[in-house]
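Trainee: prediction below, plus the sequence it came from.
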2 protein chains.
Amino acid sequence: MDYQMDQGVEILRRTPGTLKALLAGLPNAWTRSAAGPDTWSPNDVVGHLLNGEETDWIARAKIILESGEARPFDAVNRTAMFDKYHGYSLERLLDTFERARYQNLETLDGLRITEEKLAHKGTHPALGTVTLSQLLSTWVVHDLNHIGQIVEGMAHQYAEAVGPWRAYLAILTRPILTE
Amino acid sequence: MDYQMDQGVEILRRTPGTLKALLAGLPNAWTRSAAGPDTWSPNDVVGHLLNGEETDWIARAKIILESGEARPFDAVNRTAMFDKYHGYSLERLLDTFERARYQNLETLDGLRITEEKLAHKGTHPALGTVTLSQLLSTWVVHDLNHIGQIVEGMAHQYAEAVGPWRAYLAILTRPILTE
């Protein structure tokens, strides 16, 4: 379906609560473990989402609205969370993400984005010309991608424990999400 | 990691709240749409999880504990939800699933499952010999698999809307979960 402001925001505003329902209070065996050497733990993923709130989505939306294609976006560092939030508990990450997302949705609302503005263009440093609509759609899918990554990583903790049922559980047998 | 009762139950008891946080109140455009002809909508998936509570996990655990390998499990119908809950709203499915899961975890607690009981064996109609530990691990991974399926299906609604960012979103480019 096409991106529509209301429908996209419905997902964006639910993500902090979804992550809290899924993760808050879980033992570290679930939240600090990654499925493999190049994959992220649930803790890492929440940090990655938080960094996106602080550096990526709203910053890029403003660049599009203020400068259009003339000013390329700054590159984002998708592994910034390893240094930036080192030592944060999962609860602190979840709370900080929730506040940052809430504030960003307030900011987004204040940008009064119309159908006409959704077609405004910007310049991605690697992908080239993109639209505001594509940026906001990507914000939504990026949330869903990382919720999927979290449940996949957790599922892999039981990859052996399920025994022969492994054959029926696609989450265990297809390629792992690594970003 | 090995299956441990406490750690497994930590996931099982969170799933109803996770699904409510993710889905309750969303417009039908998100919850009634499937990513393709052989895939399930979020609504369908919640129905499938509810049917599992009513027919699968606890029933099979009891068969293992009461009859061991002598009595094979009944086969489960993984598409039973299409008839069984036809006309149910998403809210009704979510509430019914939440109650059924709560009751099943009470029942599980009442089964007083020890390390010794986790090794008890049963007979799966297709997979052959399985253990109670494998059954309970599979219950957990099955939850995570279907949460992943829901977010994947929702992400695919924006597969075109994200434009060139598609290249960075693995949830859109790898094979879709179909069960």
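Mentor: Nice, I can see it. Residues are numbered from 1 along each chain as shown, chains lettered A, B, ... in the order given.
Trainee: so who does A:F73 touch?
Mentor: A:59-60, A:63, A:122-125 (CB atoms under 8 Å, 6 or more residues apart in numbering or on different chains). Every C-beta, even on glycine, is put in place using the N, C-alpha and C of the backbone.
Trainee: switch to 10 Å and redo it
Mentor: By CB atoms under 10 Å, 6 or more residues apart in numbering or on different chains, the residues touching A:F73 are A:56, A:59-60, A:63-64, A:67, A:122-127, A:130, A:135.
Trainee: again with A:K62
Mentor: Contacts of A:K62 were listed using CB under 10 Å, 6+ apart, and they are A:107, A:111, A:122.
Trainee: which stretch of helix or strand covers it?
Mentor: helix A:57-67 (DSSP states H and E).
Trainee: mind listing what's buried along stretch A:155-167?
Mentor: Applying a neighbour-count criterion of 16 or more other CB atoms under 10 Å in any protein chain shown, one finds A:155-159, A:161-163, A:165-166 buried in stretch A:155-167.
Trainee: hey, C-alpha coordinates of it in CSV?
Mentor: The C-alpha trace of stretch A:155-167 is given here as CSV (Å, rounded to 0.1, in the frame of the first residue of the first chain):
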residue,chain,number,x,y,z
ALA,A,155,14.3,-18.2,18.8
HIS,A,156,17.8,-19.3,17.9
GLN,A,157,18.6,-19.7,21.6
TYR,A,158,16.4,-22.8,21.4
ALA,A,159,17.6,-23.9,17.9
GLU,A,160,18.9,-27.2,19.4
ALA,A,161,16.4,-27.5,22.2
VAL,A,162,13.4,-28.0,19.8
GLY,A,163,14.9,-31.2,18.5
PRO,A,164,13.2,-32.5,15.4
TRP,A,165,10.6,-29.7,15.4
ARG,A,166,13.3,-27.6,13.9
ALA,A,167,12.1,-28.8,10.4
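Trainee: quick one: mean pLDDT over it.
Mentor: Stretch A:155-167 shows an average pLDDT of 96 in the prediction.
Trainee: do it and chain B meet?
Mentor: Yes. Part of stretch A:155-167 sits near chain B under the criterion CB under 10 Å from any CB of the partner chain, namely A:155-167.
Trainee: quick one: list the elements packing against the following helix or strand past the helix holding A:K62.
Mentor: Proceeding C-terminally, helix A:57-67 gives way to helix A:81-84 as the next helix or strand, assigned by DSSP H and E. The elements that helix A:81-84 packs onto, with contact taken as 3 or more CB pairs under 10 Å, 6 or more residues apart in numbering or on different chains; DSSP states H and E, are helix A:42-55.
Trainee: what are the ranges of the helices in chain A?
Mentor: Under the criterion DSSP state H, chain A contains helices at A:5-12, A:15-23, A:28-31, A:42-55, A:57-67, A:81-84, A:90-110, A:115-118, A:132-156, A:170-173.
Trainee: deepest of those helices, which one?
Mentor: Comparing these by mean neighbour count (mean count of other CB atoms under 10 Å in any protein chain shown), helix A:132-156 ranks first with a mean of 25.
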